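1. Fold the following.
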Amino acid sequence: MTAAVLGVATLGALVACDSATEGQPKPTETGSQSSETSSEPTTSESEEPEYSLARLCELLSSDEAEELGGSAEGEKGNSLRDGHAICTWENETSLMVGFQEGVTTANVDTGPSITNTPTEIDGLPAVQSLNTDTVVSCDVLVDLPSGRLVHATAGVLSAGEGKYDPCEVANQMANLIIPRVKDQ
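-> Numbering: from 1, shown residues only. As a prediction, this is how the structure comes out:
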């Protein structure tokens, strides 16, 4: 089972994008700071949206992750292939979500064990990518209007065999996540 978990995590991290480093997320520069004080009232509420690509592990609730076969809590990490940020939930399935800057679905991996199917998630162009090499995993890759690519990846672990279809799970996950981050 450990090999299956590592295989799915590795495959999920490897599919989605070519090996170019051009698409790696880069920190943004902050604007200049001013010593002027604002006359506008301050609030204790955060200006950040409820869901954010900066907080990948909060994009699925515990109930949603468990319904898709994952663990209740997500674990932050980085792609083995290029270092972009990811979050994984693993139990009966291995669920992974991540995003990259400057990469599109046009960069999706191809090969004899990969079946790519154009699709749409919440009105946005997407590709479903089924990889059957060694460990079966399915990615749903979605182009956001901001130029970011979001991927929702699912693989079925031995405890979930016969209960889950990886592409069905990946599509369900993408349909939950994309409306939450589509404008980011």
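
2. where exactly do the helices run in this structure?
-> 2-14, 62-67, 166-181 (DSSP state H).

3. By mean pLDDT, show me the worst of those.
-> Lowest mean pLDDT within the helices of the chain: helix 2-14, a mean of 41.

4. Could the C-alpha coordinates of stretch 137-157 be exported in PDB?
-> Extracted in PDB, the C-alpha atoms of stretch 137-157 (Å, rounded to 0.1, in the frame of the first residue of the first chain):
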ATOM      1  CA  SER A 137      -4.700   8.500 -11.600                       C
ATOM      2  CA  CYS A 138      -6.900  11.100 -13.100                       C
ATOM      3  CA  ASP A 139      -6.300  14.900 -13.300                       C
ATOM      4  CA  VAL A 140      -8.800  17.600 -14.100                       C
ATOM      5  CA  LEU A 141      -6.800  20.600 -15.200                       C
ATOM      6  CA  VAL A 142      -8.700  23.900 -15.400                       C
ATOM      7  CA  ASP A 143      -7.500  27.200 -17.000                       C
ATOM      8  CA  LEU A 144      -8.500  30.100 -14.800                       C
ATOM      9  CA  PRO A 145      -9.000  33.600 -16.400                       C
ATOM     10  CA  SER A 146      -6.100  34.900 -14.300                       C
ATOM     11  CA  GLY A 147      -3.700  32.700 -16.300                       C
ATOM     12  CA  ARG A 148      -3.300  30.100 -13.500                       C
ATOM     13  CA  LEU A 149      -3.900  26.400 -14.000                       C
ATOM     14  CA  VAL A 150      -5.600  24.500 -11.200                       C
ATOM     15  CA  HIS A 151      -5.400  20.700 -11.100                       C
ATOM     16  CA  ALA A 152      -7.600  18.300  -9.100                       C
ATOM     17  CA  THR A 153      -6.100  14.900  -9.100                       C
ATOM     18  CA  ALA A 154      -7.500  11.600  -7.700                       C
ATOM     19  CA  GLY A 155      -6.100   8.100  -7.500                       C
ATOM     20  CA  VAL A 156      -7.800   5.100  -5.800                       C
ATOM     21  CA  LEU A 157      -5.700   3.400  -3.100                       C
END
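
5. what comes up buried for it?
-> Within stretch 137-157, the residues that qualify as buried are 137-144, 148-157, counting by 16 or more other CB atoms under 10 Å. (C-beta placed from N, C-alpha, C; glycine too.)

6. where does the protein dip in pLDDT?
-> 1-48 (pLDDT under 70).

7. make it 90
-> 1-54, 81-82, 102, 107, 134-135 (pLDDT under 90).

8. just so I have it, where are all the strands in it?
-> For the chain, strands defined by DSSP state E occupy the ranges 75-78, 85-90, 93-101, 114-121, 124-131, 137-143, 148-156.

9. Beta-bridge partners for the residue nearest in space to the middle of the chain, please?
-> Using CA atoms, centre = their mean, the residue of the chain that lies closest to the mean C-alpha position is V97, 2.1 Å off. Judged by DSSP bridges, the bridge partners of V97 are C87, A152.

10. Cool, thanks, talk later.
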